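Peer 1: Below are the sequence and a predicted model for it; my questions follow.
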Amino acid sequence: MRAGAEYFLQPGEPAQRRYEALRCYFVDDASAEDVGARFGYSPATVHQLAAELRSGRTSFFRSSKPGPKGPRKTHTVRDRVLVLRAGDRSVTEIAAALTAEGSPVSAQTVWAILKAEGLERLERRQPGGPAPRLDPVRAKPIRDWPAGARYDCDHAGLYLLMPALVELGLDTLVRGAGYPGTKVLTSFHSLGSLLLLKASRRGRAANAFPLGADGGLGLALGLVALPKATHLTSYSYRVRRACNVALLEGLSRRCRQIGLYTGEGGFNLDFHTIRHHGEQVPLEEHYVASRSQRTRSVLTFFAQDHASTEMVYANADVTKAEQANEVIAFAEYWARVAGADPGLLCFDSKLTTYPMLEQLCARNITFLTLRQRGPKVLEALAALPASAWTTYTVKRAGRYRHPQIHEQIVQLKGISHPLRQITIRNIGHDQPTLLITNDLTTGAKDLFTRYAERMIIENELDADISGFHLNALSSGLPLNVDVDTTLTVLAGNCYRLLARKLPRYELATPDRLWRHFLDDTGTVTVNHDHVRVDLALRTYTPVLIDAGFPELDIPIPWWEGRTLRFGFPPR
């Protein structure tokens, strides 16, 4: 007997002991009494174990069958399959290409994806002959309304934004802004397609192919199909900055009318740098916070309504020489929108210069910003007696709820108007924080709290970066950054109008709205007088039902008055 045989003769685990006992009983033909005495069972127990084995109720070994342990997630390769099929690749060629790219799939899986998309098999090729060409679906307006048509739409959830587009009057806004058109597509078709691409949260225009291949989504804009990436890229560079400004002005006026934001609570202003990933580009170097370095990038400017936290303005056509003027440019922009100068403008110290603050004072526009801490200023503050500081209590979570504040009137070089300096300490910083403002009446604690709330613009920018891929603009794929930042503002307003209709989602981020509602499939059925969108059942479908979407019957202007309706599976 070889070494190691004790593992089988003296089993330690209960399952192994039962196995060896049954093997001895069936294979070695030992009696139940002998088996019981050897392995510590009674004869009755041995007979019971044998009966359970014969009936199939006993299993000792786990199957070692190779392969995936669950269903393959074909959606991870679906977009790539459709891109390869657009190049007239056969099922086997697509499977081979994906395998070479590190995503091994079978030809059967590829065919299942293509069949689900409604794509037919390619005609059989002649040996050594070229691949048969498929007639591409070109983007063009619908001439004859396709009553009776039915589309399986992979992006049907985007139809939930259609009420917001109608409420904003997108077609009127685009026409009024003077955007260019083409011989085939109007300006509304082109810009609306870019907006749907932005709302679908795809980071590159090159990823527009799945949307263009979705016939049910093209119907949303009155098109046979959405245009491909080539048109979207070239069109974006035909757009002038004046068109974007006109669109934003019209959008702001409309949002004021419907109460999305008013500007009465003032605005938060900030710069955001979008890094360029290419080489040898005529771009200036700016500090990129995510990289902690200065590098080639696009400097963008954003303005946010403080009360609603909605973005109201964007400009990506900013140079170093002009960046200090952006605060004045925004003030003039809002004066054109609202007929009056904006309320309190809140920004950090690097957004503008003292000469620009002098202009704001001359126009009686109130501002609140930081002052850089110079050695002499810090020495003067350190010499103040304890009685010069007033302790306040602010309502906030966490520590440092009792700041000490000292305020005084100062005269800064280059600014003829007296300014109010508010110094705050005991808030967790080594050095006191200095605020300057031309607001001489509002309480110091209220102004300190207001500046602390300015951080929400950074939170909203983070939400737009993750929700609308704001940082994925200036890569090797050419795309007009100013157009895309303008669309970011527009898409954010559309998302917020949707959120206002959904109970408990009024303040939800774009990412959450996308995951819970908009990222959904469905069926689009076209009738003579209306279009019905039946969305697939999701966990959060009851929220849409409670919000009244099944009862909606909204006329769509670019459908010549035909209405949009929604259908949901019964609860």
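Peer 2: Sure thing, it's come through. As the structure is a prediction and not an experimental result, all values here were calculated from the model.

Peer 1: Skipping adjacent residues, who's closest to Val410 in space?
Peer 2: Gln421 (4.6 Å; CB to CB, 6 or more residues apart in numbering). C-betas here are computed from N, CA, C, even on glycine.

Peer 1: Double-check that the one you found belongs to a helix.
Peer 2: No - counting by DSSP: H, G, I helix; E, B strand; the rest coil, Gln421 is not part of a helix but strand.

Peer 1: That one is in contact with Asn438, isn't it?
Peer 2: No - contact status for Gln421 versus Asn438: not in contact, 11.2 Å apart, counting by CB atoms under 8 Å.

Peer 1: residue contacts, the residue nearest to Val410?
Peer 2: 371, 407-410, 434-436 (CB atoms under 8 Å, 6 or more residues apart in numbering).

Peer 1: is it in a bridge, and if so with what?
Peer 2: Assessed by DSSP bridges, Gln421 has beta-bridge partners Gln408, Ile436.

Peer 1: how much space between it and Thr369?
Peer 2: Computed with CB to CB, to the nearest Å, the distance linking Gln421 and Thr369 is 11 Å.

Peer 1: Would you mind listing the residues touching both of these two?
Peer 2: 435-436.

Peer 1: rewinding a little: list only those of the contacts of Gln421 flagged as buried.
Peer 2: 371, 407, 434-436 (16 or more other CB atoms under 10 Å).

Peer 1: Show me which of the residues you listed is closest to Trp514.
Peer 2: Leu435 (37.3 Å; CB to CB).

Peer 1: Excluding chain neighbours, what is closest to that closest one?
Peer 2: Ile422 (4.3 Å).

Peer 1: what's the burial count for that neighbour?
Peer 2: The number of residues packed near Ile422 is 22, by other CB atoms under 10 Å.

Peer 1: these two touch, right, it and Leu447?
Peer 2: Yes - the pair Ile422 and Leu447 passes the contact test of CB under 8 Å, sitting 6.0 Å apart.

Peer 1: Report the mean confidence score over stretch 6-17.
Peer 2: Averaging pLDDT along stretch 6-17 yields 81.

Peer 1: and that stretch, how far out from the chain's middle?
Peer 2: Distance of stretch 6-17 from its chain centroid, counting by CA atoms, centre = their mean, to the nearest Å, is 57 Å.

Peer 1: going forward can the numbers begin at 57, since that is how I track them
Peer 2: Noted, 57 is the first residue going forward, which turns the last one into stretch 62-73.

Peer 1: Which residue, other than its chain neighbours, is closest to Tyr561?
Peer 2: Ala555 (4.9 Å).

Peer 1: Now do the contacts for the one you found.
Peer 2: 561-564, 569.

Peer 1: go with 10 Å
Peer 2: Shown in contact with Ala555 (CB atoms under 10 Å, 6 or more residues apart in numbering): 220, 561-566, 568-569, 573.

Peer 1: Just put those residues in a markdown table and tack on secondary structure and distance to Ala195.
Peer 2: As requested, the contacts of Ala555 are exported to a markdown table (DSSP: H, G, I helix; E, B strand; the rest coil; distance: CB to CB, whole Å):
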| residue | secondary structure | distance to Ala195 |
| --- | --- | --- |
| Ala220 | helix | 23 |
| Tyr561 | coil | 33 |
| Glu562 | coil | 36 |
| Leu563 | coil | 36 |
| Ala564 | coil | 32 |
| Thr565 | coil | 31 |
| Pro566 | helix | 26 |
| Arg568 | helix | 31 |
| Leu569 | helix | 27 |
| Phe573 | helix | 27 |
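
Peer 1: out of the residues you listed, which are buried?
Peer 2: So, by 16+ other CB under 10 Å, the buried ones in those are 220, 561, 564-566, 568-569, 573.

Peer 1: Next, the buried residues of the host helix or strand of Tyr75.
Peer 2: In this structure, Tyr75 sits in helix 70-82 according to DSSP states H and E. Residues of helix 70-82 classed as buried: 74-78, 80-81 (neighbour count, 16+ other CB under 10 Å).

Peer 1: what's the answer for stretch 197-208, then?
Peer 2: Buried, per 16+ other CB under 10 Å, within stretch 197-208: 201, 207.

Peer 1: residues in contact with that stretch?
Peer 2: 172-174, 240-242, 245, 270-275, 277-280, 577-585, 587-590, 614-616, 618.

Peer 1: tell me the SS of Ser353?
Peer 2: strand.

Peer 1: was I right about it contacting Val374?
Peer 2: No - taking contacts as CB atoms under 10 Å, Ser353 lies outside contact range of Val374: 11.0 Å.

Peer 1: ok, those two, which is more surrounded?
Peer 2: Ser353 (22 against 19).
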